[in-house]
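>>> sequence and predicted structure, then a few things I'm wondering about:
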Amino acid sequence: MNLSEHFTLAEMTVTNQRFDNTPNAAEIANLNLLCAHILEPVRAHFGRPVRINSAFRSARVNSAVGSKPGSQHRKGEAADMEIAGISNADLARWIRDNLDFDQLILEAYRPGVAGSGWVHCSWRAGGNRKQCLTMTMGSHGPVYSKGINP
């Protein structure tokens, strides 16, 4: 099932967990909006395929990967992505400067380390916060700071 021109339901629900990861109609509607407002504009700007690391997560999948119960992935409102040959910091900065979004996080990126990290971006109907964060790995787990750094 296509959600948009370049994105399918299968790629937005893929998981290596052994639990059912089938979204309901409302979650599929949110995935459609995420594709339309975030993923398709990213694909159009960079002219390259966008690799989805994680998008929709059922409650069991979300729990198994250690995410919070309130994660926007649970609602089909968020995707973690990368584009081959594009720095994740550059991708995050472009989204920050050009798109409406709810939350944008540059995660586990290390300057000078090709392919490090990924970009989390969410979109929700009814208004977006445009919250920007950078997550780095500290000695006791993830550390979040405001803004897209570097």
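Here it is on my side, so go on.

>>> what comes up buried for stretch 90-104?
91, 92, 93, 94, 95, 96, 99, 101, 102, 103, 104 (16 or more other CB atoms under 10 Å). For glycine as for every other residue, the C-beta is placed from the backbone atoms N, C-alpha and C.

>>> just the residues you listed: which are in strands?
103, 104 (DSSP state E).

>>> and the buried residues of stretch 90-104 as CSV, adding distance to residue 7 and pLDDT?
What follows is these, written out as CSV (distance: CB to CB, whole Å; pLDDT from 0 to 100):
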residue, distance to residue 7, pLDDT
91, 16, 97
92, 19, 98
93, 22, 98
94, 18, 98
95, 16, 98
96, 21, 98
99, 16, 98
101, 16, 98
102, 18, 98
103, 19, 98
104, 18, 98
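
>>> could I get the buried residues of stretch 90-104 as CSV with distance to residue 37?
As requested, these are exported to CSV (distance: CB to CB, whole Å):
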residue, distance to residue 37
91, 16
92, 16
93, 18
94, 14
95, 11
96, 14
99, 7
101, 8
102, 10
103, 13
104, 13
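
>>> and which of the buried residues of stretch 90-104 is nearest residue 26?
Proximity of the buried residues of stretch 90-104 to residue 26 was ranked by CB to CB; the top entry is residue 102 with 16.5 Å.

>>> the closest one and residue 48, how far apart?
Here the criterion is CB to CB, to the nearest Å. By it, residue 102 lies 24 Å from residue 48.
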